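Asker: take a look and give me a structure for this.
(one chain, ligands or ions: 1)
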Amino acid sequence: MVRDGAGHSPLEEKMLDFVIDETRCIQCGECAADCPVNVIDASGGIPRIPESRQSYCIRCQHCLAVCPTAALSILGKNPDQSAAISPLPAEGIENLIKSRRSVRRYLPDAVDQAVLNRLMDVVAHAPTGKNQRQVRFTLVDDPRVMEAIRVQTMDGIRKAAVEDSLPDGLEYFAKFNAPFDQGRDIIFRHAPHMIIASSPRDAVTPEADPFIALSYFEFMAQSLGIGTVWCGYARWALQSVVPEIGRKLGIPADHRSMYVMMFGYPAVRYARTVQRDVQDVHLVSLADLEAGQ
Ligand SMILES: Cc1cc2nc3c(=O)[nH]c(=O)nc-3n(C[C@H](O)[C@H](O)[C@H](O)COP(=O)(O)O)c2cc1C
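Answerer: Got it, this is the predicted structure:
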């Protein structure tokens with residue numbers, strides 16, 4: 001199927017399903033004013049999307065979200081079913097951000113399926129470049145599967161170490177075997193779950209999208225009492241050291257940008273936040289812009 005730059009097929013574009021409830025529409029023009037790609041024409045009163053502009057729609061649903069009277073439906077979404085917006089106190093968000101820790105000690109128990117579903121529902125709200133939403137989530141929801149991945153990965157690393165075939169720069173993976181034999185899983189941290197976010201090479205923002213998605217996942221998970229840790233070791237292992245296992249997980253071959261996060265119920269409780277110094281901030285001045293002119 002031919003896809004346009006926004007990742008939608010021409011057939012799908014015919015299905016924007018842009019419907020205005022004229023009994024509710026107050027013709028304020030907000031939907032047109034907020035549309036990032038300017039496809040809505042409200043000049044005649046009741047807004048519409050001319051057929052010639054439909055293919056430019058990026059399906060962000062800003063029009064549905066901004067409509068003050070819930071008069072606008074797009075993509076078959078009923079505006080009355082959207083969540084109401086209830087602003088959170090900034091202190092709560094600030095505390096969540098500051099108290100988030102990388103959890104490296106986990107209980108073996110599986111996270112409830114309903115909680116996993118809720119997490120995946122929330123992560124679908126993470127922004128993606130041009131709203132392409134092409135991030136794929138490879139989710140290990142069964143701790144037995146995680147255990148098999150752990151064992152196969154360690155076996156693969158052991159074999160590569162013996163054969164002296166560990167990739168350049170990743171020779172240190174050989175050092176993870178002895179602790180593993182003593183019950184210390186330095187790569188996956190004994191987590192019962194893993195989520196991998198990846199995106200296709202040809203996405204508009206393939207590097208950023210998976211990272212943003214996992215950041216949203218992490219905050220939502222931690223707000224629900226679930227521990228998380230970003231896992232570079234697992235990423236390198238699955239992408240470079242034992243890529244055959246990465247392939248078994250079903251990550252599409254054209255997905256180059258990916259990151260891995262371990263998660264599960266924590267076996268550690270932090271009593272307070274850490275204290276960080278403000279990082280390097282460079283304030284851009286007019287003098288910066290005038291330099292060299
Ligand atoms: C991209 C990325 C990769 C990471 N990879 C690992 C990893 O492989 N193993 C690990 O134990 N921690 C990993 N971490 C966690 C960092 O070590 C951790 O964020 C940092 O020490 C600060 O601790 P905090 O997250 O508790 O604030 C990673 C973090 C990031 C952002």
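
Asker: ok, now which ones touch Val123?
Answerer: By CB atoms under 8 Å, 6 or more residues apart in numbering, the contact set of Val123 is Phe137, Ala213, Tyr216, Phe217, Met220. In this view, the C-beta of every residue, glycine as well, is placed from N, C-alpha and C.

Asker: also Cys60?
Answerer: By CB under 8 Å, 6+ apart, Cys60 lies in contact with Pro36, Asn131.

Asker: remind me which helix or strand it belongs to.
Answerer: Using DSSP states H and E, Cys60 sits within no helix or strand.

Asker: let me see the backbone angles for it.
Answerer: phi -80, psi -20 (degrees, to the nearest 10).

Asker: just the ones in strands from the contacts of Val123, please.
Answerer: Phe137 (DSSP state E).

Asker: and the helices in the protein?
Answerer: 10-13, 30-34, 62-66, 90-99, 113-123, 143-162, 177-181, 208-223, 232-236, 243-248, 286-290 (DSSP state H).

Asker: what's the mean pLDDT across the fifth one?
Answerer: Read that as helix 113-123. For helix 113-123, mean pLDDT rounds to 98.

Asker: just give me how far it sits from the chain centre.
Answerer: In this view, helix 113-123 has its centroid 12 Å away from the chain centroid, taken as CA atoms, centre = their mean, to the nearest Å.

Asker: just the CA trace of that helix, in PDB.
Answerer: Listed next in PDB are the C-alpha coordinates belonging to helix 113-123 (Å, rounded to 0.1, in the frame of the first residue of the first chain):
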ATOM      1  CA  GLN A 113      -2.800  -7.200  32.900                       C
ATOM      2  CA  ALA A 114      -5.300  -4.400  33.600                       C
ATOM      3  CA  VAL A 115      -2.400  -2.200  34.700                       C
ATOM      4  CA  LEU A 116      -0.400  -3.100  31.600                       C
ATOM      5  CA  ASN A 117      -3.400  -2.200  29.500                       C
ATOM      6  CA  ARG A 118      -3.700   1.100  31.300                       C
ATOM      7  CA  LEU A 119       0.000   1.900  30.800                       C
ATOM      8  CA  MET A 120      -0.200   1.100  27.100                       C
ATOM      9  CA  ASP A 121      -3.300   3.300  26.700                       C
ATOM     10  CA  VAL A 122      -1.500   6.200  28.300                       C
ATOM     11  CA  VAL A 123       1.600   5.700  26.300                       C
END
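
Asker: hmm, back to that, let's have the helices of the chain in JSON lines, adding distance to Pro200.
Answerer: Below are these laid out as JSON lines (distance: least, CB to CB, whole Å):
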{"stretch": "helix 10-13", "distance to Pro200": "17"}
{"stretch": "helix 30-34", "distance to Pro200": "29"}
{"stretch": "helix 62-66", "distance to Pro200": "25"}
{"stretch": "helix 90-99", "distance to Pro200": "30"}
{"stretch": "helix 113-123", "distance to Pro200": "18"}
{"stretch": "helix 143-162", "distance to Pro200": "23"}
{"stretch": "helix 177-181", "distance to Pro200": "33"}
{"stretch": "helix 208-223", "distance to Pro200": "10"}
{"stretch": "helix 232-236", "distance to Pro200": "17"}
{"stretch": "helix 243-248", "distance to Pro200": "16"}
{"stretch": "helix 286-290", "distance to Pro200": "37"}
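
Asker: report the helix or strand with the lowest average pLDDT across this structure.
Answerer: One helix or strand of the chain scores below all others by mean pLDDT, DSSP states H and E: helix 10-13, with a mean of 45.

Asker: ok, now which ones touch Gly45?
Answerer: Gln27.

Asker: what's the pLDDT at it?
Answerer: 95.

Asker: so what's the residue count around the closest residue in space to Arg24 that isn't next to it in sequence?
Answerer: Excluding the flanking residues, the one nearest Arg24 by CB to CB, 6 or more residues apart in numbering is Ala71, at 3.5 Å. Counted by other CB atoms under 10 Å, the residues lying close to Ala71 total 21.
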